[in-house]
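Student: Turn this into a model:
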Amino acid sequence: MPDNPLDAYRSVEKSTLSGRQLEASVLSKAALKLQQAQRNWQDPDHVASLDEALKYNQRVWTFFQSEVSLPDNPLPAEIKSNILALSVFVDRRTFEVMAYPTPEKLDILISINRNLAAGLQGDVG
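Tutor: Presented below is the predicted three-dimensional model:
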């Protein structure tokens, strides 16, 4: 999967994944990158790893914001509103981690991505 989530979405027609499966995959990859940065916090290159993970996650959520803001987006208004609200939280937490990094602050971002990915895959229950 490309490092840029937008490239992954643009290639969806070439992929065997459905839109929801692709979204789940991108969210799972973002969660994994964040978790790896968290696990390797003591490594000498943890700052670069954290930066990469946060930027990737930010691109994913920026894309979601963009998609739900499109006038022809078929999602119900309540779901679009919830996604936008969640994306605002993700943005705020991301900037907070960038400014004052601690590994614990990544927990909620990892959890959000994993739970949303599970929901998109139908694994909630």
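Student: I'd like the next helix or strand past the host helix or strand of R20.
Tutor: Element membership of R20, judged by DSSP states H and E, is helix 19-39. Where DSSP H and E defines the elements, the next helix or strand beyond helix 19-39 is helix 46-69.
Student: show me what contacts N40?
Tutor: Residues in contact with N40 (C-beta atoms under 8 Å, 6 or more residues apart in numbering) are 46, 49. Every residue, glycine included, has its C-beta placed from N, CA and C.
Student: ok, back up a step: elements contacting the helix holding R20?
Tutor: Packed against helix 19-39 by the contact rule (3 or more C-beta pairs under 8 Å, 6 or more residues apart in numbering; DSSP states H and E) you find helix 5-10, helix 46-69, helix 106-121.
Student: Could I get the buried residue list for the following helix or strand past the longest one?
Tutor: Looking back up the chat, that one is helix 46-69. Downstream of helix 46-69, the next assigned helix or strand under DSSP H and E is helix 77-99. Applying a neighbour-count criterion of 16 or more other C-beta atoms under 10 Å, one finds 80, 83, 87, 90, 93-94, 97 buried in helix 77-99.
Student: And the residue nearest to E52 when sequence neighbours are not counted, how far from K80?
Tutor: Closest residue to E52 apart from its sequence neighbours, by C-beta to C-beta, 6 or more residues apart in numbering: K33 at 6.8 Å. Here K33 is placed at a distance of 26 Å from K80 (C-beta to C-beta, to the nearest Å).
Student: Same question for F89.
Tutor: For F89, the distance to K80 - C-beta to C-beta - is 15 Å.
Student: The residue nearest to E52: neighbouring residues, count only.
Tutor: 22 (other C-beta atoms under 10 Å).
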